[in-house]
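1. Model the structure of this input:
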Amino acid sequence: MPEKIYELYELNTFLRRVLALNTKEEMKLQAEIAEVSNSNGHVYIDLVDKEGDQIKAKARAIIWSKTLNRLAKKNPNLIDSVLQEGNQVLMDVHVDFHEQYGLKLIVLHLYPEFTYGQHALNREKVAQKLLANGDFEKNSQLPFAIVPQRIAVLSSKQAAGWSDFYHHLRYNDLGFAFKISLFQVALQGQRVKQDILKALKEIEAQRSDFDVVVLIRGGGAKLDLQAFDDYQICKAMANTSLPVLTGIGHETDELLIDRVAFRALKTPTAVADFLLNQCNLYVQELGQWLNRFKLVTKRKLNMAQSDLNLERSMFANKVGLKILDNQALLQQTASLLKIHTKQHLSIHKQQLDLYLEKVKNIDPQSILKQGFTLIKYEGKYIKDPKELKSGDEIEILFEQGTIRSVIK
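-> As a prediction, the model looks like this:
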């Protein structure tokens, strides 16, 4: 008997009937989300079952818009938190097989608490791995800039946390100036890991331009923040060469990225306050140092002034004593000079008297007074008779008068 040949439609109809007869109207299913997309208000989910990194099974699921609206009333962050790539989910599904569209799983209900629990388990595994590698201490041991004013920020322009952080620093009351460089990253969804790892590489390439890395966000539901427990992101943050500050905006749970950071703060504004406080501490320390410098300088100047006054007093005393000594010497010298001068004058007077006496003795009038006469010829005194000849008329001078005579 020849083997029956089925048309595809017949085969699919057969499969649909088999599934309808052998599956419950509603089944619980656990799987990992591989991809999520939206279209016309419906959510399409690619589900996988893995063994390690190996995919054992795949299926397509759909949440109709009506079901999605019902689920969202109970959990407004359903899509942003639970329905994310990599999340483990537990759901009630109806298995549907259509001759034209094939197999699909109709999602009837989701259990977010299961996803939270799975995330907590995965988070603990990542924490143990980071702990074993010493990643929780690496960044906290880096030196922190004394005045951290060059800031590399990982955030999104659309995030409220970014706006708060920027304005808090830009218009601070202390008058500090900051160079703030924004590296735009996704803060939730599938691109978070890719964006953050890329931004960290860019920052590391220009690390000499920055003092600190800041990761800020404006809060969110627990699963919105699950990327900040990712091993690769935490590992990269822990091993960056710059200190990292986080301000994710959550109030209760501590994220793993907070534990690998240099310092974790609650909000973006708190991060801004921390940076301002660091700068202000330096200014205060500088002011204290300047005050100490002034006090030390004043003390040294006072000591120097005292030493100078002492030296001046001692110098004045020495000069005074020297002046007194010199005055006594001067007086003694003046007395000696006076005596010597008087003696010299007396000696010179005696010599002068002798000279005057000699002059007086050779004065013609003195000679005449002694009874001598003087002979003049033509107005000249004659010393030698040979100077005269016969017939010369001469004058003979006496003390009491003159006579004329002729030589014969």
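2. How is this protein partitioned into domains?
-> Each domain of the chain is listed here as a residue range: 8-110, 122-281, 364-406, per automatic domain parsing.
3. Give me the mean pLDDT for the second one.
-> When you say that, I think you mean domain 122-281. Over the span of domain 122-281, the pLDDT mean works out to 89.
4. got it, and the first one?
-> Throughout domain 8-110, pLDDT has a mean value of 84.
5. just to revisit the earlier point, I'd like the domains of the chain laid out as CSV, including mean neighbour count.
-> The C-beta positions use only the backbone N, C-alpha and C, and glycine is treated the same way. Formatted as CSV, the entries for these read as follows, by neighbours: other C-beta atoms under 10 Å:
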stretch, mean neighbour count
domain 8-110, 15
domain 122-281, 18
domain 364-406, 11
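6. Quick one: those as a markdown table, columns for distance to L321 too.
-> Converted to a markdown table, the domains of the chain look like this (distance: least, C-beta to C-beta, whole Å):
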| stretch | distance to L321 |
| --- | --- |
| domain 8-110 | 98 |
| domain 122-281 | 59 |
| domain 364-406 | 63 |
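7. OK, contacts around the residue nearest to the spatial centre of the chain?
-> By C-alpha atoms, centre = their mean, the mean C-alpha position of the chain lies nearest to V147, the distance being 4.8 Å. For V147, the contacting residues are 211, 278-279, 282, by C-beta atoms under 8 Å, 6 or more residues apart in numbering.
8. Which phi and psi values does it adopt?
-> Geometry field for V147 lists phi and psi as phi -130, psi 90, criterion degrees, to the nearest 10.
9. contacting residues for the closest residue to D135 other than its chain neighbours?
-> Using C-beta to C-beta, 6 or more residues apart in numbering and skipping residues adjacent in sequence, the residue nearest D135 is A238, 3.8 Å away. Taking C-beta under 8 Å, 6+ apart as the contact definition, A238 lies against 130, 135-136, 138-139, 260.
10. now, which of those lie within helices?
-> By the criterion of DSSP state H, membership of those in helices covers 130, 135-136, 138, 260.
11. part of a helix, is G320?
-> Yes. Membership of G320 in a helix is supported by DSSP: H, G, I helix; E, B strand; the rest coil.
12. Could you say which helix or strand holds R404?
-> Assigned by DSSP states H and E, R404 belongs to strand 402-406.
13. before we move on, the earlier item: out of the contacts of V147, which is nearest to P76?
-> Of all these, P76 sits closest to Q278, with 38.1 Å by C-beta to C-beta.
14. And the closest residue to L142 other than its chain neighbours, how far from T269?
-> Among residues not flanking L142 along the chain, P243 sits closest, at 4.8 Å (C-beta to C-beta, 6+ apart). Here the distance between P243 and T269 works out to 19 Å (C-beta to C-beta, to the nearest Å).
15. coming back round to it: which pair in the contacts of A238 spans the largest distance?
-> So for the contacts of A238, where distance means C-beta to C-beta, the most widely separated pair is L130 and N139, at 11.4 Å.
16. Overlap of the contact sets of the two?
-> Common neighbours of L130 and N139 (C-beta under 8 Å, 6+ apart) are 238, 260.
17. Off-centre distance for stretch 59-73?
-> Computed by C-alpha atoms, centre = their mean, to the nearest Å, the separation of stretch 59-73 from the middle of its chain amounts to 55 Å.
18. For that stretch, which outside residues touch it?
-> Residues from elsewhere that reach stretch 59-73 (C-beta under 8 Å, 6+ apart): 31, 40-47, 78-79, 91, 93, 103-110.
19. Tell me which helix or strand I394 sits in.
-> Applying DSSP H and E as the criterion places I394 in strand 393-397.
20. quick one on the thing from earlier: and the strand holding R404, what does it pack onto?
-> For strand 402-406, the packing partners by 3 or more C-beta pairs under 8 Å, 6 or more residues apart in numbering; DSSP states H and E come out as strand 393-397.
21. could I have the strand it packs on exported to CSV, CA atoms only?
-> Only the C-alpha atoms of strand 393-397 are listed here, as CSV (Å, rounded to 0.1, in the frame of the first residue of the first chain):
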residue,chain,number,x,y,z
GLU,A,393,132.4,162.3,42.8
ILE,A,394,131.2,160.2,45.8
GLU,A,395,128.8,160.5,48.6
ILE,A,396,129.9,159.7,52.1
LEU,A,397,127.0,158.7,54.4
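22. Within the sheet, what are the partner strands of it, with directions?
-> Counting by DSSP bridges, the strands paired with strand 393-397 are strand 374-377 (antiparallel), strand 402-406 (antiparallel).
23. Make JSON lines from those and add distance to G189 to it.
-> Converted to JSON lines, the strands paired with strand 393-397 look like this (distance: least, C-beta to C-beta, whole Å):
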{"stretch": "strand 374-377", "distance to G189": "154"}
{"stretch": "strand 402-406", "distance to G189": "159"}
